[in-house]
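K.L.:
Give me coordinates for this.
(one chain, ligands or ions: 1)
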Amino acid sequence: MKHGYLLSVCTFAIIHLGSASENGLARTPQMGWNTWAKFGCGISEETVLSMAKAIVETGLDKFGYQYVVIDDCWHAPSRNQSTGAPLADPTLFPNGIKKLAGDIHGLGLQLGLYSSAGSMTCARRFGSLGYEEIDAETYVSWDIDYLKYDNCYNEGQSGTPLISYNRYKKMFKALNATGRPILYSMCNWGEDQPWNWASTIANSWRISGDLTDNFGRYDDRCPCTSMLDCKLPGFYCSVARIIDFAAPLGSKAGTGGWNDLDILEVITHFSMWSILKSPLLLGNDLTSMSQDTWDIITNDAIIALNQDPVNSAANRVFNRSIEGGGSLSLWVGNLVNGTTVVAIINTSSKHQRLHLSFDEIFIDWLPARTFSYRVFDLWQKTIKAGETLDFSQWTNSTIWGVDLGIRTASLSGIDVGVHATRLFKFVPW
Ligand code: GLA
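P.N.:
A predicted model of the protein is given here:
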């Protein structure tokens, strides 16, 4: 590990040092589960509680999945007519949200709730615009730990960063005034470039329209090709499109404030959400999860990339078009102790084989090109029958990560299947 110290110094010099919301939360991207992808409006106390129990029963909590977030449609038909306070639907939540929060806390988890910085939520339930104080106070009286705050029916209060900032800041101030630390997860779909202004008020901000369960298909309902000046974020955005959106925004993420790439629906994109430092919010039915799904979302060598204390999102080094559609891209990110994550994504429908020189991988830092590295393949398991290998000090996992040996100057013969992602960890040697 002779180059370890030097690498650490340089890594420190290029990490993001922006100011974050000072509520002390989301020091690393938040992890949890959200009702929307699987249940939409079909939620109830029972569905939420059964998912929370499943988090504990399947051991997901031990990997860091902590927040259970109730998305849209928890609302009663209207607010309390005399006080204006929000009310939960008494049929769906017969014991009230406070009781549910108590049960969730009893399981060692935290509860999140959803509202919109508009007159209505996206599913046309009552929104919080103009009701910020009473809503924040009520959420706190219900012992809520997290607020996802949407953008529907915003009464035209968007169009410039300042207009959006002021609207979202009202809820930030109202939450702060309660004195309870509440993770504030903004969801204005990248409108008015939240990555430029949200880090002082929110713990995360969605950067795009809603993700759909598709890897790379273009859909006119997600019309922008870049989010940098997008006028219609839309929805039905594919995994590959959101990765494109996130590519230039990595440096805007940092401790306490994260680019949110939306709920994880297609678990094959777990790697990219991890290295781009998105909150990791599961959206699948946890009570009927396959072993494969469990294996993916509990790959602790990958989770460690997301939660790495250097808090530096990976950058895209190249993005080469493939004939017939799609691309092959290389992503590199700094990790703690001078280690590096290297990801290769193939969004095309053709198998790819490539040779990567260290000149390409360490494009941002010349000295690193001359070092040797022990390379680990993080989507392969180390333990084969009868073996007792321990790679934990290099991969943060005793199971995940196969040692490919020591490499100098290049990594060759890398196969990347159709719509596949390969992830490697480089440890200076
Ligand atoms: C918007 C949000 C989604 C979800 C729905 C709920 O579309 O972007 O994540 O919260 O509203 O109605």
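K.L.:
Show me which residues of this structure sit near the ligand.
P.N.:
Contact residues (CB under 6 Å from any ligand atom) of the chain with the ligand: Trp36, Asp71, Asp72, Tyr114, Thr121, Cys122, Ala123, Asp150, Cys187, Trp189, Asp210. In this view, the C-beta of every residue, glycine as well, is placed from N, C-alpha and C.
K.L.:
farthest-separated two in the residues you listed?
P.N.:
Ala123 and Trp189 (15.4 Å; CB to CB).
K.L.:
Looking at the two, which one has more neighbours?
P.N.:
Between Ala123 and Trp189, counted using other CB atoms under 10 Å, Trp189 has the larger neighbour count: 25 against 16.
K.L.:
thinking that one is in contact with Cys222, fair?
P.N.:
No: when contacts are counted by CB atoms under 8 Å, Trp189 is not listed as touching Cys222 (10.1 Å).
K.L.:
Now for these two: what residues contact both?
P.N.:
Common neighbours of Trp189 and Cys222, counting by CB atoms under 8 Å, 6 or more residues apart in numbering, are Ser208, Gly209, Pro233.
K.L.:
Kindly indicate which of those lies nearest the ligand.
P.N.:
Gly209 (7.2 Å; CB to the nearest ligand atom).
K.L.:
doesn't Lys231 make contact with that closest one?
P.N.:
No: counting by CB under 8 Å, Gly209 does not reach Lys231; the two are 11.6 Å apart.
K.L.:
Just name the closest of the residues of the chain next to the ligand to Trp142, please.
P.N.:
Nearest to Trp142 among the residues of the chain next to the ligand, with distances taken as CB to CB, is Tyr114, at 13.0 Å.
K.L.:
Residue of the stretch 151-300 of the chain nearest the ligand, please.
P.N.:
Asp210 (4.8 Å).
K.L.:
sorry, back to before: so between Gly209 and Lys231, which is more surrounded?
P.N.:
Between Gly209 and Lys231, counting by other CB under 10 Å, Gly209 is the more crowded of the two (26 against 8).
K.L.:
What score does the residue lying farthest from the centre of the chain have for pLDDT?
P.N.:
Within the chain, the residue lying farthest from the chain centre (CA atoms, centre = their mean) is Ser82, at 39.1 Å. Note for Ser82: predicted pLDDT of 97.
K.L.:
That one: what's it in contact with?
P.N.:
Ser82 touches nothing, counting by CB under 8 Å, 6+ apart.
K.L.:
That one sits in which helix or strand?
P.N.:
Here Ser82 sits in a region with no helix or strand, counting by DSSP states H and E.
K.L.:
gap between the closest residue to the ligand within the stretch 101-250 of the chain and Asn315?
P.N.:
Nearest to the ligand, among the residues of the stretch 101-250 of the chain, is Cys122, at 3.2 Å (CB to the nearest ligand atom). Applying CB to CB, to the nearest Å, the value for Cys122 to Asn315 is 32 Å.
K.L.:
Equivalent analysis for Ser348, please.
P.N.:
Shown here: Ser348 relative to Asn315, a distance of 21 Å by CB to CB.
K.L.:
The chain: helices as residue ranges?
P.N.:
Along the chain, counting by DSSP state H, helices occupy 4-14, 36-39, 45-57, 96-106, 132-141, 161-178, 239-246, 270-275, 291-297, 300-306, 358-361, 392-395.
K.L.:
Could you pull up the residues touching the residue of the stretch 151-300 of the chain closest to the ligand?
P.N.:
By CB under 8 Å, 6+ apart, the neighbours of Asp210 are Trp189, Gly234, Phe235, Tyr236, Cys237, Asp262.
K.L.:
just the buried members of the residues you listed?
P.N.:
Buried by 16 or more other CB atoms under 10 Å: Trp189, Gly234, Tyr236, Cys237, Asp262, out of those.
K.L.:
hmm, back to that, mean pLDDT for the helices of the chain: which is lowest?
P.N.:
Minimum mean pLDDT among the helices of the chain: helix 4-14, a mean of 37.
K.L.:
per-residue pLDDT, Ser290?
P.N.:
Per-residue confidence at Ser290 stands at 85 (pLDDT).
K.L.:
from here on, count from 17
P.N.:
Shifting the count to begin at 17 puts that one at Ser306.
K.L.:
what about it, neighbour count?
P.N.:
For Ser306, the neighbour count with other CB under 10 Å is 10.
K.L.:
Then Asp105?
P.N.:
Counted with other CB under 10 Å, Asp105 comes out at 16.
K.L.:
how near is the closest residue to it other than its chain neighbours to the ligand?
P.N.:
Spatial nearest neighbour of Asp105, excluding adjacent residues (CB to CB, 6 or more residues apart in numbering): Ala92 at 5.0 Å. Per CB to the nearest ligand atom, to the nearest Å, Ala92 is found 16 Å from the ligand.
K.L.:
Next one: Ala92 from Gly146, what distance?
P.N.:
18 Å.
K.L.:
mind listing what Ile360 touches?
P.N.:
Applying CB under 8 Å, 6+ apart, the residues near Ile360 are Leu344, Ser345, Leu346, Trp347, Leu370, Leu372, Ile430, Val432, Thr437, Arg438.
K.L.:
before we move on, the earlier item: mind putting the helices of the chain in JSON lines, mean neighbour count included?
P.N.:
Shown next, in JSON lines, are the helices of the chain (neighbours: other CB atoms under 10 Å):
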{"stretch": "helix 20-30", "mean neighbour count": "15"}
{"stretch": "helix 52-55", "mean neighbour count": "20"}
{"stretch": "helix 61-73", "mean neighbour count": "18"}
{"stretch": "helix 112-122", "mean neighbour count": "17"}
{"stretch": "helix 148-157", "mean neighbour count": "20"}
{"stretch": "helix 177-194", "mean neighbour count": "18"}
{"stretch": "helix 255-262", "mean neighbour count": "25"}
{"stretch": "helix 286-291", "mean neighbour count": "24"}
{"stretch": "helix 307-313", "mean neighbour count": "15"}
{"stretch": "helix 316-322", "mean neighbour count": "23"}
{"stretch": "helix 374-377", "mean neighbour count": "17"}
{"stretch": "helix 408-411", "mean neighbour count": "17"}
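K.L.:
ok so, going back, could the residues of the chain next to the ligand be laid out in a markdown table, adding distance to Ser304?
P.N.:
Below are the residues of the chain next to the ligand laid out as a markdown table (distance: CB to CB, whole Å):
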| residue | distance to Ser304 |
| --- | --- |
| Trp52 | 18 |
| Asp87 | 20 |
| Asp88 | 23 |
| Tyr130 | 24 |
| Thr137 | 28 |
| Cys138 | 27 |
| Ala139 | 25 |
| Asp166 | 28 |
| Cys203 | 27 |
| Trp205 | 30 |
| Asp226 | 23 |
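K.L.:
so which of these comes closest to Thr314?
P.N.:
Trp52 (22.0 Å).
K.L.:
Does the closest one touch Asp88 like I think?
P.N.:
Yes: the pair Trp52 and Asp88 qualifies as a contact (CB under 8 Å) at a distance of 6.6 Å.
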